[in-house]
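>>> Quick check, what structure comes out for this input:
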Amino acid sequence: MSAYHYESNEHNGISSKQQRAGSGGYSQQNSVDEYMVPEEEWEREAVLDPAWERQQKKTFTAWCNSHLRKVGTSIENIEEDFQNGLKLMLLLEVISNEQLPKPDRGRMRFHKIANVNKALDFIASKGVKLMVGAEEIVDGNLKMTLGMIWTIILRFAIQDISVEEMSAKEGLLLWCQRKTSPYKNVNVQNFHTSFKDGLAFCALIHRHRPDLLDYNKLTKDDPLTNLNLAFDIAEKHLDIPKMLDAEEINNSIKADEKVVMTYVSSYYHAFSTTQKAEQAASRICKVLSINQENEQMMVEYEGLASDLLEWIKEKRPWLENRATDNTLDGTQAKLGDFRDYCRSQKPPKLSQKAKLETDFNTLQTRLRLSNRPAFTPTEGKLIADIVEAWKGLELAEKGFEDWLLRELRRLERLDHLVKKFQHKCDIHEEWSNGKIDLLQSTDLKQCSLNDLRALSRRHLAFESDLAAHQDRVEQIAAIAQELNVLGYEQITNVNQRCQKLCNEWDELGDLTQKRRLALTEAEKIVELIDSLFLEYAKKAAPYLNWLDGAREDLIDMFFIHTLDEICGLIEAHNQFKATLGEADAEYKNIIRLVEDAQQKCRDNNLDLSPNPYTNIQPDEITSKWNEVQTLVPQRDQDLQSEYAKQQQNERFRIQFAQKANVVGPWIERQHEQLQQLTFQVVGTLEQHQKKLETMELNVTQYRPHIDELEKYNQQIQECMIFENRHTPYTMEVVRVAWEQLHTQLTRQIAEIKNQIYTLEKKGISEEQMNEFRAAFAHFDKSRSRRLDPKEFRSCLIACGYNIREDRQGDADFQRIMANVDPTHTGFVTFESFLDFMTRECSEEDSVDQLTLAFKTLSADKPYITAEELKRELPANQAEWCIQRMKPYTGVEDVPGAYDYKTFSSALYGESDL
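So this is what the prediction gives:
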């Protein structure tokens, strides 16, 4: 190992001569430079290895001659030719391009020591601590001389190598790894064994000068050929002298690392001009990659927007269609289709809408951050168009569902009224059957006095019966009128039947009046009347009418929706049952009248003639009374069944309400939490993003509760339940709140990601971002995420802007407002504020930087060729440039040349990209 120590002397105040003054015995010490530390053990062995010493001597001699020949000289024996210090000083002047002090021309020992000290002082002035004295060099100490030359190589040939902020050995090693990574059988891990087979040298040459050798013909099994080929080509075409011996490299177990590093550094410097081209290519790749990604996002946005708008256009006619088959089953089927639409078809499209908004905002953010023009979608596909279309869809949904529920109520009411109408008509027609013929009868002239009296009294009973039926006729007419209002499809038949019934009723009234006048005249002749039969007739007719009414009420269908209504019916029925005792007493009184009449006939040996005052027979009264008594328990059973049904409906209401009263407040709390997270960012943006994503996961995991509530809502709708007093929440309210929560959460996560992207792209620190956010939140008192001009001006002043309170300050502020509010809305959003602040605090790419990168890539030519693009850029990006660059039309007529200046301007201006 060479005896030297390489470090800065600027901190200790000791001159290089003082450091060399006590060098009677030289300690062998490794360099403190960090790239020397991993090789410490090998360096000790190198001191004792003659092979390594020979390699160093040959390589260092060749390296020195590669520089000395520039001034027309060379050395033969490295330990002898530097003894007088003259060529050593000349070597330092060549490699440093600096003038050293004038050398002493004498041949005495002290002249030589003085010249060597001048050279060593110059080396020490470059921050190198030498552990060698001039006497060792003058005395021809080979190890000390080699150590000194290695120090010079480190300082002037290797130290300045920098690759991705790595220096010296590590940077040189990384450079070799990157350049040889595409080549098979090459794996550069160090500067000794990795170069033994010669393929690494050949790969470095082929990477930069593929015209000098055919790498595919080389084999790992012939290292001597590979090494000699590389050394010969480097010497002949790259002006790199043969510093290494192929046989020594191949035969050594581990080549001297200093030797290989010295030789490889010559390759690095020889190819250093290509480094600028690589950096330029890297910049171009970065710009093109951004444009390609933005272009792909534009295409995806257009596709998603078209698909969503087409779906909305397809669904709107269905939701706006109010046609129905006017049947309960058909309307319920439509309601089932609508529920399937809400649960299965709409949620994916809602997610697609949220993704469109997120992608659009992300794309605009990327375009702003990369100084590209804002993306304007195809006409009709703006976010505002999509939001407007979605609002129209939701309005159509709300109208469609309201119409369906109204239609269900209407059809159910229609069904009940039609059945009730038919039932009352049947009863009336049964009662009125034959009444007109009876009233038109001319039997008055043929009747006896008793018969006339009987007919008179019978007519009086008929008039009472007629008056009792007046309410039923009015009810039938009222039901027909309601059916007309509700739009019953077979209303013509209903109207015809009602009109016929009313005409018959009017005719009955006229005939009754005429009959009464006739009987009044006949009654002047009739004097005798059977009072008993008359009393029977008076009691039997109302009682029979009461029986008919009771029977009608007992078999009447009921149409209710609440537990209170059924309880009211049960209470009314119980009151009716309480009157059955009086009805039974009345029944016995009526039957007793008949029995009394029969008894009088038997007592007087008379034949019982038919009752001249009424056609109501006791058997009919008995039959109907028995029927009423039978119908009472049946009515009890029907009411109890309906009571059980309403209890079940009440349970369904309570079940839905209990779940809704949990889900609704939970969603409201999530909205409040999201609102708090929106305006209070605690910790880093990544931590805040994690909180939002955790919240999004919790919301997603809460989805089964929404589905469970949907199931309860379906039960309620299937049971035709329309009100629920146990909860203020409806399924529509919960569904809208859920969708809003999901959409706002997705939008907030995308906004945080854009802010993180802004930090990475613009180089803004997280502390700055938090200061921007805190300042904005402080002045956003309404939490609307926007500031009016007065609030925005105060916010800028709080952020450090000096805006004066005069005309000049007002003009400066108006220019800023024109920048952050180009559409003159009168407000500044948080995104516009953040974009303005990041532009003010960051350094961005520009057209000039991109143009300079292309100029470097094309070797300072005003144009660039397809071959140069394909050689320096990835294949896909090179092809992308070729397709979009215009042909060069300058003074020089170069076939296949492209104009990179207009291309660069297009990327940052108005462009079809």
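>>> So, low pLDDT: which residues of the stretch 201-350 of the chain?
273-279 (pLDDT under 70).
>>> where do the strands sit along it?
Ranges of strands in the stretch 201-350 of the chain, per DSSP state E, counting those that start in this stretch: none exist.
>>> And the helices in it?
With DSSP state H, counting those that start in this stretch applied, the stretch 201-350 of the chain shows helices at 223-237, 246-251, 257-270, 272-320, 328-340, 346-369, listed in chain order.
>>> Of those, which stretch is the most buried?
By mean neighbour count, with neighbours taken as mean count of other CB atoms under 10 Å, helix 257-270 ranks first of the helices of the stretch 201-350 of the chain at a mean of 22. Glycine gets a C-beta too; all of them are placed from N, C-alpha and C.
>>> now the angle between helix 272-320 and that helix, please.
Here helix 257-270 runs at 70 degrees with respect to helix 272-320, directions being taken by axes from the mean of the first three to the mean of the last three CA atoms, to 10 degrees.
>>> Surely Thr889 is in contact with Asp899?
Yes - with contact defined as CB atoms under 8 Å, Thr889 and Asp899 form a contacting pair (6.9 Å).
>>> And the helices of the stretch 201-350 of the chain: which comes nearest Asp465?
Ranking these by distance to Asp465, with CB to CB as the measure, places helix 328-340 first at 37.8 Å.
>>> Now do the closest one against helix 272-320, angle only.
Relative orientation of helix 328-340 and helix 272-320, computed by the same axes, to 10 degrees: 160 degrees.
>>> that older thread, distance to Asn574 for the helices of the stretch 201-350 of the chain - can I get that in JSON lines?
JSON lines is the format used below for the helices of the stretch 201-350 of the chain (distance: least, CB to CB, whole Å):
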{"stretch": "helix 223-237", "distance to Asn574": "113"}
{"stretch": "helix 246-251", "distance to Asn574": "117"}
{"stretch": "helix 257-270", "distance to Asn574": "109"}
{"stretch": "helix 272-320", "distance to Asn574": "48"}
{"stretch": "helix 328-340", "distance to Asn574": "32"}
{"stretch": "helix 346-369", "distance to Asn574": "50"}
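>>> Of all these, which one comes closest to Lys691?
Ranking the helices of the stretch 201-350 of the chain by their distance to Lys691 (criterion: CB to CB) puts helix 346-369 first, at 18.0 Å.
>>> Next secondary structure after that closest one?
Past helix 346-369, heading to the C-terminal end, the next element that is a helix or strand (DSSP states H and E) is helix 383-432.
>>> which stretch among the helices of the stretch 201-350 of the chain comes nearest Leu414?
For Leu414, the closest of the helices of the stretch 201-350 of the chain is helix 328-340, at 8.6 Å, according to CB to CB.
>>> contact partners of that closest one?
Contacts made with helix 328-340 from outside it, assessed by CB atoms under 8 Å, 6 or more residues apart in numbering, are listed as 324-325, 400-401, 404-405, 407-408, 411-412, 415, 710, 714, 717.
>>> and Arg413, how many neighbours?
Look at Arg413: counted by other CB atoms under 10 Å, it has 15 neighbours.
>>> which residues does it contact?
Under the criterion of CB under 8 Å, 6+ apart, the neighbours of Arg413 are Leu486, Phe559.
>>> so how far is Ala775 from it?
Applying CB to CB, to the nearest Å, the value for Arg413 to Ala775 is 62 Å.
>>> what do you get for Val734?
Val734 sits 37 Å away from Ala775 when distances are taken as CB to CB.
>>> If you count surrounding residues, which of the two has more?
Each of Val734 and Ala775 has its neighbours counted (other CB under 10 Å); Val734 has more, 22 against 19.
>>> Please identify the helix or strand for that one.
Since the elements are taken from DSSP H and E, Val734 ends up inside helix 731-762.
>>> just how off-centre is that helix within its chain?
In terms of CA atoms, centre = their mean, to the nearest Å, the gap separating the centre of helix 731-762 from the centre of its chain is 7 Å.
>>> now for it, which elements pack on it?
For helix 731-762, the contact count by 3 or more CB pairs under 8 Å, 6 or more residues apart in numbering; DSSP states H and E identifies helix 346-369, helix 618-679, helix 685-701, helix 703-718, helix 766-779, helix 830-840 as packing neighbours.
>>> what comes up buried for it?
For helix 731-762, burial by neighbour count (16 or more other CB atoms under 10 Å) applies to 731, 734-735, 737-739, 741-746, 748-756, 758-759, 761-762.
>>> tilt between that helix and helix 272-320?
Using the same axes, to 10 degrees, helix 731-762 lies at 170 degrees relative to helix 272-320.
>>> if you average pLDDT over helix 731-762, what comes out?
Helix 731-762 shows a mean pLDDT of 81.
>>> by how many degrees do it and helix 703-718 diverge?
Relative orientation of helix 731-762 and helix 703-718, computed by the same axes, to 10 degrees: 150 degrees.
>>> Pop the domain breakdown of this protein in here.
Domain assignment of the chain by the TED database yields the ranges 51-285, 290-419, 546-643, 652-758, 785-837, 848-908.
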